[in-house]
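A.B. asks: Okay, predicted coordinates and the sequence, questions at the end:
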Amino acid sequence: MEITYVVIIAIVAYILGAITKIFIDAVPNKYIPIQNVIVGVISALICYFTGVEPNLLQALVLCLVATMGAGGMADLIDIKNK
């Protein structure tokens with residue numbers, strides 16, 4: 001069940017990332033957390049309405065924690081490389 005969350009989040013993040021790259025040339029870094037929250041909310045709604053998670057609040061919390069954690073890890077890796 002947990003792997004389903006990861007797959008849904010990855011697909012939603014990929015689609016929103018591709019849309020962002022097509023329509024917006026450069027997104028300032030200060031808007032990345034907002035994009036992560038949007039990905040988390042959309043992923044939670046998908047998980048809830050497809051029946052992956054029967055509780056909407058739990059789906060929201062799980063998906064938001066996952067997306068924000070992934071964004072934080074990406075920042076840490078980026079800081080380490082600089």
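C.D. replies: Structure received.
A.B. asks: Sketch out the low-pLDDT regions of the protein for me.
C.D. replies: The model of the chain has pLDDT under 70 over residues 1-2, 74-82.
A.B. asks: Break down it into its helices, ranges please.
C.D. replies: 2-23, 32-49, 56-81 (DSSP state H).
A.B. asks: How much space separates Thr4 from Val37?
C.D. replies: From Thr4 across to Val37, the span is 20 Å (CB to CB, to the nearest Å). Glycine gets a C-beta too; all of them are placed from N, C-alpha and C.
A.B. asks: Single out the most deeply packed of the helices of the chain.
C.D. replies: Using mean count of other CB atoms under 10 Å, the stretch among the helices of the chain with the greatest mean number of neighbours is helix 32-49 (a mean of 18).
A.B. asks: which other helices and strands contact it?
C.D. replies: helix 2-23, helix 56-81 (3 or more CB pairs under 8 Å, 6 or more residues apart in numbering; DSSP states H and E).
A.B. asks: Residues touching the first one, excluding its own?
C.D. replies: Residues from elsewhere that reach helix 2-23, judged by CB atoms under 8 Å, 6 or more residues apart in numbering: 27, 35, 38-40, 42-43, 46-47, 52-53, 62-63, 66-67, 70.
A.B. asks: if we go to 6 Å?
C.D. replies: Outside helix 2-23, the residues that touch it by CB atoms under 6 Å, 6 or more residues apart in numbering are Val39, Ile42, Ser43, Ile46, Cys47, Val52, Leu62, Ala66.
A.B. asks: and those, which two are the farthest apart?
C.D. replies: Pairwise distances across the contacts of helix 2-23 (CB to CB) peak at 15.9 Å, for the pair Val39 and Val52.
A.B. asks: Any figure for the gap between Pro54 and Cys47?
C.D. replies: With distances taken as CB to CB, Pro54 is found 10 Å from Cys47.
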